[in-house]
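K.L.:
Pasting the sequence and the predicted model now:
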Amino acid sequence: MSLPTPTLPSARLRLRPFDDTDASDLFALQSNPYVLRYWDAPPWSEPQRSERFIAACRQMAADGTGARLAVDHVSDGAFIGWCSLSNWNPDYRSASLGYCFDDAVWGKGYATEAGHALLRWAFDTIDLNRVHAATDTRNLACARVLEKLGFLREGTLREDCVVNGDVSDSWVYGLLKREWRPL
């Protein structure tokens, strides 16, 4: 089953399918070691990774496993990051939320705003019952975003990944449709 990749508006942002013109902005984001300091994958070192990522976004939609969206400012169309629902399971009506934003826009509420737009689509349009997310326990800003969106911390995965050579714990979060509170 195909999961169409939507275009979603919010007050200051537009979430939309990736296109080929996003490759250089995407590479700049994903090659930034500061932005990816809590990720379990190293920053990109080759620009071709952007093209593969964009192709994977299209394949994810075609396979029906999720939707990964570019996030732009409405005011000037500038690319500031991306967010996604992945591991979509229509039988269980669940998916996993993820996002990555340029550090120049951190602290301005964009991750929360984009997450809210994506969750509204997830619960209202594709009728998910549960969305889960995980973050490195050192990434307190990400944890705050998830909590602002209504997610509850459900547990800790001890030493579940390696980040920059260090073994790291992750917090696991969940949000149920019946707990969802649109802003």
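P.N.:
Cool, got the structure. Numbering: from 1, shown residues only.
K.L.:
Show residues contacting stretch 109-129.
P.N.:
Stretch 109-129 has contacts (Cβ atoms under 8 Å, 6 or more residues apart in numbering) with 3, 6, 8-13, 15, 69, 71, 80-81, 83-85, 88, 92-95, 97, 99, 101, 131, 142, 145-146, 148-149, 175-177, 180, 182-183. Heads up, the C-betas are built off the backbone N, CA and C, glycines and all.
K.L.:
quick one: average confidence on that stretch?
P.N.:
The average pLDDT for stretch 109-129 rounds to 96.
K.L.:
tell me which residues of it are tucked away?
P.N.:
110-119, 121-123, 126, 128 (16 or more other Cβ atoms under 10 Å).
K.L.:
Can you tell me which of those lies closest to Arg37?
P.N.:
Ranked by distance to Arg37 (Cβ to Cβ), those are led by Ala111 at 15.8 Å.
K.L.:
Which helix or strand contains the closest one?
P.N.:
According to DSSP states H and E, Ala111 maps onto helix 110-120.
K.L.:
how much distance is there from that helix to the middle of the chain?
P.N.:
How far helix 110-120 lies from its chain's middle: 9 Å, per Cα atoms, centre = their mean, to the nearest Å.
K.L.:
and Trp171, that one's in a strand?
P.N.:
Yes: judged by DSSP: H, G, I helix; E, B strand; the rest coil, Trp171 forms part of a strand.
K.L.:
neighbours of it, just the number please.
P.N.:
20 (other Cβ atoms under 10 Å).
K.L.:
repeat for Gln59
P.N.:
Neighbour tally, Gln59, other Cβ under 10 Å: 10.
K.L.:
gap between it and Arg49?
P.N.:
The spacing between Gln59 and Arg49, counted by Cβ to Cβ, to the nearest Å, is 15 Å.
K.L.:
do the same with Asn164
P.N.:
From Asn164 to Arg49 the distance is 18 Å (Cβ to Cβ).
K.L.:
Look at these two and report which has more neighbours.
P.N.:
Taking neighbours as other Cβ under 10 Å, Asn164 and Arg49 compare with Arg49 leading, 16 against 13.
K.L.:
for the chain, what spans make up the helices?
P.N.:
23-30, 48-63, 110-120, 140-148 (DSSP state H).
K.L.:
deepest of those helices, which one?
P.N.:
helix 110-120 (a mean of 22; mean count of other Cβ atoms under 10 Å).
K.L.:
That helix to helix 140-148, inter-axis angle?
P.N.:
Orientation check (axes from the mean of the first three to the mean of the last three Cα atoms, to 10 degrees): helix 110-120 against helix 140-148 gives 40 degrees.
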